[in-house]
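> Here is the input, now give the coordinates:
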Amino acid sequence: MRRAWNPVRAIGAWTAAALMALCPLTAAAENLFPGAMQEAQEGVTMDGLWSYMDYGDGTLGVRCKDRSLVHAEIPRTINGKNVTMIDSDCFKDNTALESVDIPSTVTYIEDFAFYNCENLKALALPQDLQRIDWQAFYNCSSLTEITIPASVTIIEEFVFEGCTSMKEVKVSDANKNFRSQEGVLFDYAMTELIYYPPCKEDKSYDIPDGCTKIEDWAFIGNSFLETIDLTGVTEIGEDAFYHCTALKSVEIPDGISELKSAVFGNCTSLMDVTLPFSLDVIGDSAFYSCTALKEIEIPGRVDTIGNYAFFNCPNLSTIALNDAVKTIGDYALGFYYDGDAEKPARLPGFVVDTDSDTAAHEYCSVNNIKSTGGITQSSVFIIVMIVIVVLVVGATIAIIVIQKRVNKQYQ
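Numbering: from 1, shown residues only. Next up, the predicted model:
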């Protein structure tokens, strides 16, 4: 006997069939996107010392809960799974921390992991480490050296910012992404200088042949370097020499068209600067607080001088600008810090040597700064010389005339 059609039974059968059909797809999705079907799980270790995050894709990160640890040993495994990542802010602001043991399972150090660990003195990076993220060792001011393992492929910007005691960065000979020479960190091809340690004590340094780029913040805070040979460099990053307080002289090589923001900011000993004819732009704060700078020649094709470019250069009494300059930023010229004033004050006696009907003359008019306004120093010199010549010639003629008259009287 045939059974009557039952819609409820039919719907149930279709549902079961659909689920069975989806099972292989679900398995395939898990294979293609490991961890995508799971939510990250977080927890705390039994001893209460470490919080952790299991991302379900083989990544397990840890963060230290005790900000008073002097010596830390990061666990190798948690719940039978390898610890692979030092999480963001793991040891942040632990000013007591002096040393850390990192297990070989760790492949990733996240942003700010050792942020402001100012007493951290010893650190051995694991041999399978692949990546170090932004400001991971920010202000680890007691760290004097570090060795980059062979496996590291990514070092993000500002990783060693504020490591004021750093003397050298070493790189494993087997690393194919980075290289070290005399303690200075480069890319493997030696075309980019990434990091020059702040406590490297050499007074002079020559950029190696073939290196064409200096990365942002590369030399920041070095207090020993007095001179540098930049021959061959075609690009200098932002803040590259910021607060290099011993730097006295620098010649920017021809081919560089822009000095980026704060590139020589706060170089308080900088007296001698040679700018290239190829230069078009002097960026914001490029020579900010270069308090020893007395003179600088601006090349003829410079068209832009950024905000605060020569701010607080109290010994810079004059600067010559031609009509190529079209843009001058706020407080770029002729202003300095006055402790008694609420805002930047005008530099006494500062003069811009320029022609009238120029952007430089307009800048001076708006900011009540002295300007030659067409009577340039060179033209004044020429006028003075002409006047002197005229006076000498006139005096000579007068003497000749007088002598003739005297001779006639005697005759």
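
> mind listing the strands for the stretch 101-250 of the chain?
Along the stretch 101-250 of the chain, the segments classed as strands by DSSP state E, counting those that start in this stretch run 108-109, 122-123, 131-132, 145-148, 154-155, 168-171, 178-181, 184-187, 192-195, 204-206, 213-214, 227-229, 235-236, 249-251.

> Off-centre distance for the fourth one?
Going by Cα atoms, centre = their mean, to the nearest Å, the spacing between the C-alpha centre of strand 145-148 and its chain's C-alpha centre is 21 Å.

> Can you report how many residues lie near the residue lying closest to E39 once chain neighbours are set aside?
Nearest non-adjacent residue to E39, counting by Cβ to Cβ, 6 or more residues apart in numbering: G56, 7.2 Å away. Backbone N, C-alpha and C define where each C-beta goes, glycine included. Counted with other Cβ atoms under 10 Å, the neighbours of G56 add up to 15.

> Then F310?
Using other Cβ under 10 Å, F310 has 27 neighbouring residues.

> Touching, it and T318? I think so.
No - if you go by Cβ atoms under 8 Å, F310 and T318 don't touch, sitting 11.3 Å apart.

> how close does the residue nearest to E39 get to V302?
56 Å (Cβ to Cβ, to the nearest Å).

> if we can go back for a sec, in CSV: the strands of the stretch 101-250 of the chain, plus distance to T327, mean neighbour count and mean pLDDT.
CSV is the format used below for those (distance: least, Cβ to Cβ, whole Å; neighbours: other Cβ atoms under 10 Å; pLDDT from 0 to 100):
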stretch, distance to T327, mean neighbour count, mean pLDDT
strand 108-109, 42, 22, 98
strand 122-123, 46, 16, 90
strand 131-132, 39, 20, 98
strand 145-148, 42, 18, 98
strand 154-155, 36, 16, 98
strand 168-171, 39, 18, 98
strand 178-181, 39, 18, 98
strand 184-187, 34, 22, 98
strand 192-195, 30, 23, 98
strand 204-206, 33, 14, 98
strand 213-214, 25, 20, 98
strand 227-229, 29, 17, 98
strand 235-236, 21, 20, 98
strand 249-251, 24, 16, 98
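
> Mind putting those strands into a markdown table with distance to D357?
Formatted as a markdown table, these follow (distance: least, Cβ to Cβ, whole Å):
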| stretch | distance to D357 |
| --- | --- |
| strand 108-109 | 58 |
| strand 122-123 | 61 |
| strand 131-132 | 54 |
| strand 145-148 | 56 |
| strand 154-155 | 51 |
| strand 168-171 | 53 |
| strand 178-181 | 52 |
| strand 184-187 | 48 |
| strand 192-195 | 43 |
| strand 204-206 | 44 |
| strand 213-214 | 38 |
| strand 227-229 | 39 |
| strand 235-236 | 33 |
| strand 249-251 | 33 |
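
> For D101, which of those is the nearest?
Smallest distance to D101 across the strands of the stretch 101-250 of the chain (Cβ to Cβ): 9.4 Å, for strand 122-123.

> Quick one: list the elements packing against that closest one.
strand 99-101 (3 or more Cβ pairs under 8 Å, 6 or more residues apart in numbering; DSSP states H and E).

> Would you mark the buried spots in the strand it packs on?
Neighbour-count burial for strand 99-101 flags V100 (criterion: 16 or more other Cβ atoms under 10 Å).

> Sheet-wise, list the partners of it with their directions.
strand 71-73 (parallel), strand 122-123 (parallel) (DSSP bridges).

> quick one: contacts of the last one?
What that stands for is strand 122-123. Under the contact criterion Cβ atoms under 8 Å, 6 or more residues apart in numbering, strand 122-123 has outside partners 98-100, 102, 114, 143, 146.

> So what's the residue count around T107?
Using other Cβ under 10 Å, T107 has 18 other residues around it.

> Tell me which residue lies nearest the centroid of the chain.
Closest residue to the average C-alpha location of the chain: W217 at 2.7 Å, with Cα atoms, centre = their mean.

> Report the separation between that residue and Y242.
Applying Cβ to Cβ, the value for W217 to Y242 is 7 Å.

> cool, C140 as well?
19 Å.

> Those two: who's more crowded?
Counted by other Cβ under 10 Å, C140 and Y242 do not tie: C140 has more neighbours, with 27 against 22.
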